[in-house]
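S.K.: Got a predicted structure plus its sequence, pasted below:
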Amino acid sequence: MGRGISRHDERIRINADRRAKHGRMTYTSYRIIRMLVLVLVVAMLLHLPPKIARQDVVWKTYRALVEVDALARQHFIEPIAEPRLVDGAIRGMMLQLDPYSGYLSPAELQAFERRNRSHFVGIGAEIGARDGSLVVIAPHENGPAARAGLRPGDTILRIDGGDTAGLSVFDTEELLLGDPGTSIELLVKRNHVHDPVTVHVVRADVENLSVRGVRAGADSIDDFLLDGEPPAAYLRISRFNEDTTAQATRALRIIDEAGVRSLVLDLRFNPGGLIEQAVGVADLFLDGGLIVSTVTRNQVIRNFTAGTETPALGWSVVVLINGATASAAEVLAGALQDHGRAVLVGERSFGKGCVQRLIHLESLPAAIKLTYAYYRLPGGRIIHRGISPETTDWGIHPDVEVPAELPVADGKRGEEPSEGASLENLAVITASLPETSPEADNQLRAALAILRGQGQPEQNVKLSGR
């Protein structure tokens, strides 16, 4: 019995030892686990404050917006369609940035993507911002707006009775688009006219044939030649759309094969378009080097350069510009000027040199068009006029300044003769004449005089190749 007690006591002792050992292991494991949890918690706490801070900032920023949305839905007298308030809020945000940024709803996005093609439906006019007002940069040649009498420099006051105050350029352009055959009424303030003018435009298919010679639809050298000796050719680019470079290349080949080596390149009333097309045309005249850069305040985003694979056209070139030469057209004129490849004649350009990017939203099939950069020319100039009225260094200055002094020729164009034709009168003549004529255009006469050695270009400009 004593032995039994001893064996029993031994089992008790062994079990007690095991429990003690297990207890020590459990305690050690617990300490390890507790330390790991503590480390994880500390790590989370180290990362949470910035996240919480960011969430707090976002909430404080947009709390009023959420509150207004809720109050409107609760108290407004009529039911509110679901996207209405969100669309309005986004448009308002874009409007606070600059006149060229904007929001595209799903339906507007489809229309926008058609706009830079060779054909689209609208009124055919480029709109810009100047001193807080919406102005017509230039109607497209032979487009609905030009046929209706809309002119460069017209300030748009109302669209179908609605005040344009507070509208961005982007939103205005969207209002001008529509179904073919529909009419739109524009109330405009016209330079040198006391009372506002009403212009009715019927929307139609706008054909962007952007390159022409002395006559539209030029197919032979005679369609490009200007009168007089030595021979000089005339090429007008009215806008940069998806096939402008191809059109210009075809026209320049006709001129080159005829042995003509002097060119007037007319960029007046060219509101711009696709920058890649303007770069493509510049490349035809340059053997290499920088054409334009897109830049932010802190960095260069992209450099566009001329290729060296094919020889450039080493011709004598004079480029015509005026106050309706804008955006991509300013890039082309400025690049040729900075490389000493052309003499610029005419008047200071419009000064639109900001770059927009189309960014698709992840939350719905819509997008925003956002200004993210400026155009900078090879010589370092920034083209854009900016939204500050104090800004004075903008646009492209001609090498030879020649203000338009075009007497309006006859009553067929609905104009009275004047001492000096304004920008609008010049547009009427350029767009309506079946042929371009130096007799009706003093800026073109000045360009020809320089090409033919009868005028005095700037000293640093090369007129006959390189």
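M.R.: Structure received.
S.K.: which residues in the chain form helices?
M.R.: Ranges of helices in the chain, per DSSP state H, are 2-75, 82-95, 106-114, 144-148, 169-176, 244-257, 275-283, 328-338, 423-432, 442-451.
S.K.: mind listing what's buried in stretch 359-377?
M.R.: Neighbour counts over stretch 359-377 (16 or more other Cβ atoms under 10 Å) mark 366-371, 373-377 as buried. In this view, the C-beta of every residue, glycine as well, is placed from N, C-alpha and C.
S.K.: So which of the residues you listed is the closest to residue 348?
M.R.: Nearest to residue 348 out of the buried residues of stretch 359-377 is residue 377 (Cβ to Cβ; 14.6 Å).
S.K.: backbone phi and psi for the closest one, please?
M.R.: For residue 377, the backbone dihedrals (degrees, to the nearest 10) come out as phi -80, psi 170.
S.K.: hmm, back to that, which stretch in the helices of the chain has the least confidence?
M.R.: Within the helices of the chain, confidence is poorest for helix 423-432, with a mean of 49 (mean pLDDT).
S.K.: Which member of the buried residues of stretch 359-377 is positioned nearest residue 62?
M.R.: residue 368 (16.7 Å).
S.K.: What separation do you get for the closest one and residue 90?
M.R.: Residue 368 sits 7 Å away from residue 90, going by Cβ to Cβ, to the nearest Å.
S.K.: so what's in contact with the two at the same time?
M.R.: Contact with both residue 368 and residue 90 is made by residues residue 103, according to Cβ atoms under 8 Å, 6 or more residues apart in numbering.
S.K.: My guess is residue 381 contacts residue 335. True?
M.R.: No. Counting by Cβ atoms under 8 Å, residue 381 stays clear of residue 335, with 10.4 Å between them.
S.K.: Counting neighbours, go ahead and name the busier of those two.
M.R.: Counted by other Cβ atoms under 10 Å, residue 381 and residue 335 do not tie: residue 335 has more neighbours, with 29 against 18.
S.K.: Hmm, the more buried one is touching residue 377, no?
M.R.: Yes. At 6.2 Å, residue 335 counts as touching residue 377 under the criterion of Cβ under 8 Å.
S.K.: Need the residues touching each of those two.
M.R.: Counting by Cβ under 8 Å, 6+ apart, the residues touching both residue 335 and residue 377 are residue 292.
S.K.: and residue 226, what does it touch?
M.R.: 214, 232-234, 264, 436, 438, 444, 448.
S.K.: Report pLDDT for it.
M.R.: The model's pLDDT for residue 226 equals 89.
S.K.: what bridges to it?
M.R.: Here residue 226 sits in beta bridges with residue 232, going by DSSP bridges.
S.K.: and it, how far is that from residue 247?
M.R.: Separation of residue 226 from residue 247 (Cβ to Cβ) stands at 19 Å.
S.K.: again, but for residue 339
M.R.: Distance, residue 339 to residue 247, by Cβ to Cβ: 23 Å.
S.K.: isn't residue 232 right up against residue 225?
M.R.: Yes. Look at residue 232 against residue 225 with Cβ under 8 Å: they come within range, at 7.5 Å.
S.K.: overlap in contacts of those two?
M.R.: Taking Cβ under 8 Å, 6+ apart as the contact rule, residue 232 and residue 225 both touch residue 260.
S.K.: more crowded one of these two?
M.R.: Ranked by neighbour count (other Cβ under 10 Å), residue 232 and residue 225 place residue 232 first, with 24 against 18.
S.K.: show me the residues around the more buried one that make contact.
M.R.: When contacts are counted by Cβ under 8 Å, 6+ apart, residue 232 touches 225-226, 260, 262-264, 448, 451-452.
S.K.: same thing but at 10 Å, please
M.R.: When contacts are counted by Cβ atoms under 10 Å, 6 or more residues apart in numbering, residue 232 touches 224-226, 255, 260-264, 315-316, 318, 438, 447-448, 451-452.
S.K.: got it, and residue 333?
M.R.: 265, 267, 270, 278, 282, 319-321, 325, 342, 344, 346, 349, 377, 383, 395-396, 398.
S.K.: how about 8 Å then?
M.R.: Counting by Cβ under 8 Å, 6+ apart, residue 333 touches 267, 319, 321, 325, 342, 344, 349, 396.
S.K.: Then residue 136?
M.R.: 125-128, 145, 150-156, 188.
S.K.: Now it: closest residue in space that isn't a chain neighbour?
M.R.: residue 154 (4.4 Å; Cβ to Cβ, 6 or more residues apart in numbering).
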